[in-house]
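Q: sharing a model prediction with you, sequence too.
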Amino acid sequence: MSTRTITMSDAQIKALAKQLEKGEKRKTPPYAQFQIKTSDCIITAYTSGKVVFQGEGADFYADAYDKKSSQPSDQPQNPHTEWYPQCGSDEVGTGDYFGPITVCATYVKKEDVPFLRELGIQDSKAVTDERIRELGPILCERLTYSLLILDNAKYNAIHPQYNMVAIKSRLHNQAYVHLRRKLGSLPSLCIIDQFVQAKSYYRYLHDVEEVVHTIHFETKAENKYLSVAAGSIIARYAFLQAFDAMCQHYEFPFVKGAGSKVDQAIRAFVKQYGKAELANVGKLHFANTKKAFPDSL
């Protein structure tokens, strides 16, 4: 679990509180203005101006207010979205209790653009699963891409050592490493749909032997860059294939997401297959596990 502590102004703390207004407000500790829990972070703002971020999302929330964590000034902030060739990557499955995490990096040339636009390529979250199943094979045949699938058993084995942000950082980097090997070299514009600040991203890769450093990080990149949108769709397609195979193998109706229906599905699955088998289909550290079995696991 990551912990970050930074000093913030009154205005920043007010802005943070507004940002977190949908989070779970917890009992305020002594000398604190508030403590709020999100899905992946507990944030405590003290009257002294110190703010403590604890959890997997600590870097994501803290970096937005920590000037020392801003991107290097020589990295382009808003490169032209029509700059080709370009590579882009995105991940799927990090918010789903059941099923793997998939990451895909794609290479898009200028001559691919009319083809992709005609298909209506956009962020996979804005596309139905039925359409994803149609688009996925088409993109896989047309584009050069690198796809990584981290299954649940492996995820649960490494999660005690690497939190979710670290895992995503390593998967994105490895996808680009594989893509570079396929292409021979990467284009000057390589984009990641930003889930963490650049400095923290590279900190998570400090012990990785081969690191791709020429990355541009941008939020909502899947809506701006065709390469990221294509990567998002291929990653979603791979997730759906794995999810379907898991349902078929266990003859069990797994549920996507991490809502209350997932809690019910966990109990039903364990009743049928036992607690040990849960590690092969779900992300055990999610709060759903505790909700499903508050007195065990």
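A: Sure thing, it's come through. Residues are numbered from 1 along each chain as shown.
Q: just give the nearest non-adjacent residue to Ile6, would you?
A: Excluding its sequence neighbours, the residue lying closest to Ile6 (CB to CB, 6 or more residues apart in numbering) is Asp66, at 4.8 Å. The way it works is simple: take the backbone N, C-alpha and C, and place the C-beta from them, glycine included.
Q: wait, doesn't the one you found sit right on Thr7?
A: No. Judged on CB atoms under 8 Å, Asp66 makes no contact with Thr7 at a distance of 9.3 Å.
Q: more neighbours: which of those two?
A: Asp66 (20 against 12; other CB atoms under 10 Å).
Q: burial measure for Pro30, as a count.
A: Pro30 has 6 neighbours, counted by other CB under 10 Å.
Q: for Ala105, same thing?
A: Neighbour count for Ala105, taken as other CB under 10 Å: 35.
Q: shouldn't it be in contact with Gly231?
A: Yes. Under the criterion of CB under 8 Å, Ala105 is in contact with Gly231, at a separation of 5.7 Å.
Q: need the overlap of contacts for the two.
A: Listed contacts common to Ala105 and Gly231 are 88-89, 145; contacts here mean CB atoms under 8 Å, 6 or more residues apart in numbering.
Q: out of those residues, which are inside strands?
A: Among those, the members falling in strands (DSSP state E) are 88-89, 145.
Q: how much space between the residue nearest to Ala64 when sequence neighbours are not counted and Lys275?
A: If the residues on either side of it in the chain are set aside, Ala64 comes closest to Gln197, at 7.8 Å by CB to CB, 6+ apart. According to CB to CB, to the nearest Å, Gln197 stands 38 Å off from Lys275.
Q: ok, the two, which is more surrounded?
A: A count of neighbours by other CB under 10 Å puts Gln197 above the other of Gln197 and Lys275, at 19 against 15.
Q: what distance do you get for that one to Arg4?
A: With distances taken as CB to CB, Gln197 is found 11 Å from Arg4.
Q: kindly report the same for Phe60.
A: From Phe60 across to Arg4, the span is 10 Å (CB to CB).
Q: next one: Thr219
A: 19 Å.
Q: looking only at neighbour counts, state which of the two leads.
A: A count of neighbours by other CB under 10 Å puts Arg4 above the other of Thr219 and Arg4, at 21 against 10.
Q: does that one touch Ala62 like I think?
A: Yes. Arg4 is within contact range of Ala62, at 4.0 Å (criterion: CB under 8 Å).
Q: overlap in contacts, these two.
A: With contacts taken as CB under 8 Å, 6+ apart, Arg4 and Ala62 have Phe53 as neighbours in common.
Q: now the lowest-mean-pLDDT helix or strand in the chain, how far from the centre of its chain.
A: Ranking every helix and strand in the chain by mean pLDDT, DSSP states H and E puts helix 58-63 at the bottom, with a mean of 79. Distance of helix 58-63 from the chain centroid (CA atoms, centre = their mean, to the nearest Å) equals 14 Å.
Q: okay, that helix in CSV with CA atoms only?
A: Included here for helix 58-63 are C-alpha records, laid out as CSV according to Å, rounded to 0.1, in the frame of the first residue of the first chain:
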residue,chain,number,x,y,z
ALA,A,58,-2.3,7.5,-3.5
ASP,A,59,0.0,8.6,-6.3
PHE,A,60,-2.9,9.3,-8.7
TYR,A,61,-4.6,11.7,-6.2
ALA,A,62,-1.4,13.2,-4.7
ASP,A,63,0.3,13.9,-8.0
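Q: sorry, back to before: can you pick the most crowded of the shared contacts of Ala105 and Gly231?
A: Ser89 (30 neighbours).
Q: quick check: pLDDT value at that one.
A: With respect to pLDDT, Ser89 scores 97.
Q: what sits against Asp40?
A: By CB under 8 Å, 6+ apart, Asp40 lies in contact with 55-57, 60, 164.
Q: at 10 Å instead, please
A: With contact set as CB atoms under 10 Å, 6 or more residues apart in numbering, Asp40 has these partners: 1-2, 55-58, 60-61, 94-95, 163-165, 286-287.
Q: name the SS class of it, please.
A: Assigned with DSSP: H, G, I helix; E, B strand; the rest coil, Asp40 falls in the coil class.
Q: where does pLDDT dip in this structure?
A: Along the chain, the model assigns pLDDT under 70 to residues 1, 67-81, 123, 296-297.
Q: residue ranges of the helices in it, please?
A: Ranges of helices in the chain, per DSSP state H, are 10-19, 58-63, 113-119, 129-142, 152-158, 164-183, 198-204, 226-250, 260-273, 287-292.
Q: could you check the angle the longest one makes with helix 129-142?
A: In this structure, helix 226-250 runs at an angle of 120 degrees to helix 129-142, with axes from the mean of the first three to the mean of the last three CA atoms, to 10 degrees as the basis.
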